[in-house]
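Visitor: Prediction below, plus the sequence it came from.
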Amino acid sequence: MYIVPLGAIEEQVLVAIGRGLEDEYGLSVRRLGVQDEPGYAFDAQRGQFSSAHVLRRLVTQVPPDAVSLLGITTKDLFIPMLSFVLGQAQLSGPAAVVSLARLRQEFYGLGTDPELVVERAVKEAVHEVGHTVGLTHCADTRCPMSLSNNVRHVDAKGAKLCASCVRIAEEKVKHLRPTVVPPGSAGMRNE
């Protein structure tokens, strides 16, 4: 698994996402170098960035040994049928993206809370990467694979997959190309 910052992303967010993904999926997480912010995906009419455009670009950059590539941006994302998305992924595909924009308290006119951003970012990263390994939305609202339509939903769920999603993920991950490593045993690498 790889993560790639799309613009300047706080180190604590990147480290926490890497650890969270390793813990939940048992795969090593590597980090690619910082890329430019996704200006190519900006939609002037909406004042937001198209997550579909970001995904299309990420698909072309998936390393050959990757199960998935997760892009992380501070830009507010959308898809045409929704006013915003917190992230988007290809179901059983190689790419996903998470936006930190609406995970930050400042977006809602509140004071900064770095720990809360980290907590929310890990949940959303586990969710979007879950889609890349074949997980669909979960009915258990405490599971990170449950659908989040707003930040309150993100806050209500946990960062650990429910027992049902763990079973499904373990089965799906067994059939993926890279070698599975014990959760938490491999550190993130900058590449």
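Guide: Okay, I see it. Numbering: from 1, shown residues only.

Visitor: ranges for the helices of this protein?
Guide: 11-25, 51-59, 114-132, 151-156, 163-174 (DSSP state H).

Visitor: among those, which is the most enclosed?
Guide: helix 114-132 (a mean of 23; mean count of other C-beta atoms under 10 Å). No exception for glycine: its C-beta is placed from N, CA and C like everyone else's.

Visitor: pLDDT averaged over it, what's the number?
Guide: For helix 114-132, mean pLDDT rounds to 98.

Visitor: In terms of secondary structure, what does it contact?
Guide: helix 11-25, strand 69-73, strand 87-89, strand 95-99, helix 151-156 (3 or more C-beta pairs under 8 Å, 6 or more residues apart in numbering; DSSP states H and E).

Visitor: repeat that with 6 Å
Guide: helix 11-25, strand 87-89, strand 95-99 (3 or more C-beta pairs under 6 Å, 6 or more residues apart in numbering; DSSP states H and E).

Visitor: Now do it and helix 163-174, the angle between them.
Guide: With axes from the mean of the first three to the mean of the last three C-alpha atoms, to 10 degrees as the basis, helix 114-132 and helix 163-174 are set at 60 degrees to each other.

Visitor: now the angle between helix 11-25 and helix 114-132, please.
Guide: Using the same axes, to 10 degrees: helix 114-132 against helix 11-25 is 40 degrees.

Visitor: Helix 114-132: how far from the chain's middle?
Guide: Put simply, helix 114-132 sits 6 Å off its chain's centre (C-alpha atoms, centre = their mean, to the nearest Å).

Visitor: So what touches it?
Guide: 12-13, 16-17, 20-21, 24, 68, 70, 86-87, 89, 91, 96, 98, 103-104, 144-145, 154, 159 (C-beta atoms under 6 Å, 6 or more residues apart in numbering).

Visitor: cool, stretch 154-172 as well?
Guide: Contacts for stretch 154-172 (C-beta under 6 Å, 6+ apart): 20, 24, 120, 122-123, 133-135, 138, 140, 142-146, 148.

Visitor: same check, this time on stretch 75-95
Guide: So stretch 75-95 is in contact with 46, 48-49, 51, 55, 58-59, 62, 68-69, 96-99, 101, 124, 128, 131-132, 134, 148, going by C-beta under 6 Å, 6+ apart.

Visitor: 7 Å - rerun?
Guide: Outside stretch 75-95, the residues that touch it by C-beta atoms under 7 Å, 6 or more residues apart in numbering are 37-38, 46, 48-52, 55, 58-59, 62, 66, 68-69, 96-99, 101-103, 124, 127-128, 131-132, 134, 148, 154.

Visitor: Can you check the distance spanned by that stretch, start to finish?
Guide: 17 Å (C-alpha to C-alpha, to the nearest Å).

Visitor: Sounds good, over and out.
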